[in-house]
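1. Generate coordinates for the sequence data below:
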Amino acid sequence: MDRMKMIHKTIHQTCSHELAFHEVITMHAEGSMEAQKMMILAEAPLKKYEEMAKRKAGILPWKGIGGK
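-> Below is the predicted model of the structure:
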């Protein structure tokens, strides 16, 4: 079930108006899409984003105030 939730969220993010917005921004900004991906992978806190995505998909419970 967790896998299906993540697939659904991924499809929503990649097949929606949000994707079109990012494509337009990329076309009018400097640098290629591959260069942007490389910088995201190099600088982004991916573990934090993975945890956030799992919480958004309902796989992990939400944290309260103060992270508890």
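2. Give me the below-cutoff pLDDT ranges for this protein.
-> Scanning the chain for pLDDT under 70 picks out the ranges 13-31, 64-68.
3. got the residue ranges for the strands in it?
-> Counting by DSSP state E, the chain has no strands to list.
4. And the helices in it, which stretches?
-> 2-14, 17-28, 33-43, 46-56 (DSSP state H).
5. which helices and strands does the longest one pack with?
-> Right, the one you point to is helix 2-14. On a contact count with 3 or more Cβ pairs under 8 Å, 6 or more residues apart in numbering; DSSP states H and E, helix 2-14 meets helix 46-56. C-betas here are computed from N, CA, C, even on glycine.
6. Need the phi and psi values for A57.
-> Main-chain torsions, A57, degrees, to the nearest 10: phi -80, psi -10.
7. With the one 3 residues further on instead?
-> Dihedral angles phi and psi of L60 (degrees, to the nearest 10) take the values phi -110, psi 150.
8. ok, for it, nearest residue in space, not its chain neighbours?
-> K54 (4.5 Å; Cβ to Cβ, 6 or more residues apart in numbering).
9. show me what contacts the one you found?
-> Residues counted as contacts of K54 (Cβ atoms under 8 Å, 6 or more residues apart in numbering) are D2, M6, L60.
10. And these, which is closest to I40?
-> I40 lies nearest to M6 out of the contacts of K54, by Cβ to Cβ, at 18.7 Å.
11. how near is that closest one to E51?
-> Distance of M6 to E51, computed by Cβ to Cβ, to the nearest Å: 13 Å.
12. returning to that earlier point: is it possible to get a markdown table of the contacts of K54 that adds distance to E34?
-> A markdown table is the format used below for the contacts of K54 (distance: Cβ to Cβ, whole Å):
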| residue | distance to E34 |
| --- | --- |
| D2 | 30 |
| M6 | 24 |
| L60 | 31 |
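13. Distance to K37 and neighbour count added to the residues you listed, as TSV?
-> Below are those laid out as TSV (distance: Cβ to Cβ, whole Å; neighbours: other Cβ atoms under 10 Å):
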residue	distance to K37	neighbour count
D2	25	11
M6	20	16
L60	26	14
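14. Out of the residues you listed, which comes closest to A42?
-> Set against A42, the nearest of the contacts of K54 by Cβ to Cβ is M6 (23.5 Å).
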